[in-house]
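1. how would this look folded up:
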Amino acid sequence: MTINYDKLPEHMRAVMQRYMEGGLHPGGFLFAVLTNNLMEAFHRADDVNGARLEDYVRFLYWEAPIDSFGSAEKVQAWIKQGGLSGSSEKQAKTAS
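-> As a prediction, the model looks like this:
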């Protein structure tokens, strides 16, 4: 799966990529975005991220795997599995 991070603010692309591909904890603002907590996301956002919350919604809708966002439980599970790399390893083990 190829994810296009260009829809996100430049200073947040690597953080989101590490979360999506490696399951690394994204930090407070992105955790709030990923868990669908708008109030917390807005509270934690810097000026750029606050103005671009809509871009995060579009990114999640069009680019992100459905299992990677939506609730705290889904985000914690994504982190635990190791993101896309953990998902790939799991599929490879199942196929063998």
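2. so where's the protein shaky on pLDDT?
-> 88-96 (pLDDT under 70).
3. For it, which segments count as helices?
-> 13-22, 28-34, 38-44, 47-51, 53-62, 72-81, 83-95 (DSSP state H).
4. Most tightly packed of those helices?
-> Of the helices of the chain, the one with the most neighbours on average (mean count of other C-beta atoms under 10 Å) is helix 28-34, at a mean of 21. Quick note: C-beta positions are derived from backbone N, CA and C, even for glycine.
5. Need the contact partners of it.
-> 12, 15-16, 19, 25-26, 38, 40-41, 43-46, 49, 53, 56, 60, 68-70, 75 (C-beta atoms under 8 Å, 6 or more residues apart in numbering).
6. ok, G82 - how many residues close by?
-> Neighbour count for G82, taken as other C-beta atoms under 10 Å: 16.
7. hang on, I meant D6
-> D6 has 10 nearby residues by other C-beta under 10 Å.
8. what does the one 3 residues further on give?
-> Other residues within reach of P9 by the criterion other C-beta under 10 Å amount to 15.
9. right, and it touches N49 too?
-> Yes. Assessed by C-beta atoms under 8 Å, P9 is found in contact with N49 at 6.2 Å.
10. ok, now how distant is the closest residue to E63 other than its chain neighbours from A72?
-> Distances taken as C-beta to C-beta, 6 or more residues apart in numbering place I3 nearest to E63, at 5.0 Å, with adjacent residues excluded. The spacing between I3 and A72, counted by C-beta to C-beta, to the nearest Å, is 22 Å.
11. try D47
-> On the measure of C-beta to C-beta, D47 and A72 end up 26 Å apart.
12. Verify the stated contact: H11 with D47.
-> No. At 11.4 Å, H11 and D47 do not qualify as touching, with contact defined as C-beta under 8 Å.
13. Next, S71: phi, psi?
-> Backbone torsions for S71, taken as degrees, to the nearest 10, come to phi -150, psi 160.
14. Cool, thanks, signing off.
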